[in-house]
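Student: Sequence and computational prediction follow.
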Amino acid sequence: MMMSEPLDNYGERAGKCEYLTLAFSPTSAPLRSRWRNNGLSADFLGDYVTTFLPANGTLPAFKRRQNEVKHAVTYIANELLENAMKYHQPDVEIPIRIHLELASDHIKVSVSNGVSVVQAGRYRAFVEHLREGDVDDLLLRQQEESARSTESTMSSLGLLTMISDYEAQLDWRFDIHPTHLESMTVTTIAILPLKGVPGASA
Amino acid sequence: MKNIHGESFDIRLEEESSTVLFKGALRLCGTEDYAPILDMLKETLASPAMPIVLDLRELDFLNSSGITMLSRFVMEARDHPGIDVQVLASEAIPWHARSLRNLQRLMPSLSIRLT
């Protein structure tokens, strides 16, 4: 099942592009003890992607663009991984995966994790809320509400900042687990257009 | 002077100048983990030598939970009459220009010096 969103051009991996996938075994180790791995992995992805950026323009402009892209990928990967690690259903053998693809005009970062059908339903309701609302208004409201916030408010702020501050487009997939029918794999997909990156000529 | 530091960050409160200096990368796990830093920020509101300065020029990375922590501080400052908040930011660190403007939406009098 894929929730429709006008991202058809980006929905599937287009023929030839650079890509990288990391998969993390589901574990019952406390979240806090493996929290630093989110940052390590996100930093790696951010740095990795810069290898493939075409060296357009003058050296200072290229360096600036590299820095912008590196940071944007790191921020998005970190937020998606943090959410996946927080909400992953630990008792089902579904790995947490992060996948990165670099195309000429965009970078796609997607993260998947296992959730219960009930959690998936709640997340879907949030996704609908996000699609119907004005992102800047939602962001302001979520910030105001953060004074009495729950962790779920905090997690939605991560997604809202990706859209508002990084011009990312988001899409989601909800797939039923082939053997555990009470579980689903949720994939959150962020598309970062390279045209929106200052200094980018792509 | 007070310090909070972790594997990847260092935060220092200079009480006499109401300045809080941030260095490194902050990606703590959520509200609870950010509470000591928020408490340190709130100490500047008790006896402010005007203005309160948040020096983020060496803060390379902040996750959204950290942005929420800054938002909470700004909303608290907004509720104290006469409080002036200045944010020192760097053009070389991409998230500063991208995300700090959200703080200004919460507190229009907040000033951001991007250098």
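Tutor: It's in.

Student: in chain A, what secondary structure element scores lowest on mean pLDDT?
Tutor: helix A:8-11 (a mean of 42; mean pLDDT, DSSP states H and E).

Student: what's the nearest residue to A:Ser116 if we skip its chain neighbours?
Tutor: A:Gln89 (5.5 Å; C-beta to C-beta, 6 or more residues apart in numbering or on different chains). Just so you know, the C-beta spots here come from the backbone N, C-alpha and C atoms, and that holds for glycine as well.

Student: Where does pLDDT dip in chain A?
Tutor: Flagging of chain A using pLDDT under 70 yields the residue ranges A:1-15, A:147-155, A:196-202.

Student: Can you list the buried residues in the longest helix anywhere in chain A?
Tutor: Secondary structure of chain A per DSSP state H: the longest helix is helix A:59-87. Neighbour-count burial for helix A:59-87 flags A:62, A:64-87 (criterion: 16 or more other C-beta atoms under 10 Å in any protein chain shown).

Student: And stretch A:26-46, by the same measure?
Tutor: Neighbour count says stretch A:26-46 has A:35, A:38-39, A:41-46 buried, by 16+ other C-beta under 10 Å.

Student: Could you find the closest non-adjacent residue to A:Ser25?
Tutor: With C-beta to C-beta, 6+ apart as the criterion, A:Ser25 has its nearest non-adjacent residue at 5.9 Å, and that residue is A:Pro95.

Student: Next up, phi/psi of the one you found, please.
Tutor: phi -70, psi 160 (degrees, to the nearest 10).

Student: Kindly report the same for A:Leu20.
Tutor: Main-chain dihedrals, A:Leu20, degrees, to the nearest 10: phi -150, psi 140.

Student: Pairing-wise in the sheet, spell out the partners of it.
Tutor: With DSSP bridges as the criterion, A:Leu20 is bridged to A:Leu100.

Student: Kindly tell me how buried it is, as a neighbour count.
Tutor: 13 (other C-beta atoms under 10 Å in any protein chain shown).

Student: Can you give me the distance of it to A:Ile191?
Tutor: From A:Leu20 across to A:Ile191, the span is 16 Å (C-beta to C-beta, to the nearest Å).

Student: give me the beta-bridge partners of the residue positioned nearest the centre of chain B?
Tutor: In chain B, the residue lying closest to the centroid (C-alpha atoms, centre = their mean) is B:Leu54, at 4.6 Å. Legend: beta-bridge partners of B:Leu54 under DSSP bridges are B:Val20, B:Val87.

Student: For it, list the residues it contacts.
Tutor: Listed by C-beta atoms under 8 Å, 6 or more residues apart in numbering or on different chains, the contact set of B:Leu54 reads B:19-20, B:22, B:41, B:70, B:85-88.

Student: 7 Å instead, please
Tutor: B:20, B:85, B:87 (C-beta atoms under 7 Å, 6 or more residues apart in numbering or on different chains).

Student: Report whether A:Asn37 is found in a helix, as I expect.
Tutor: Yes. Assessed with DSSP: H, G, I helix; E, B strand; the rest coil, A:Asn37 lies in a helix.

Student: what's the distance between it and chain B?
Tutor: 11 Å (C-beta to the nearest C-beta, to the nearest Å).

Student: Setting aside sequence neighbours, what's the nearest residue to B:Arg101?
Tutor: Per C-beta to C-beta, 6+ apart, closest to B:Arg101 is B:Ile112, 7.4 Å.

Student: That neighbour reaches B:Ser90, doesn't it?
Tutor: No. Taking C-beta atoms under 7 Å as the definition, B:Ile112 is not a contact partner of B:Ser90, at 10.9 Å.
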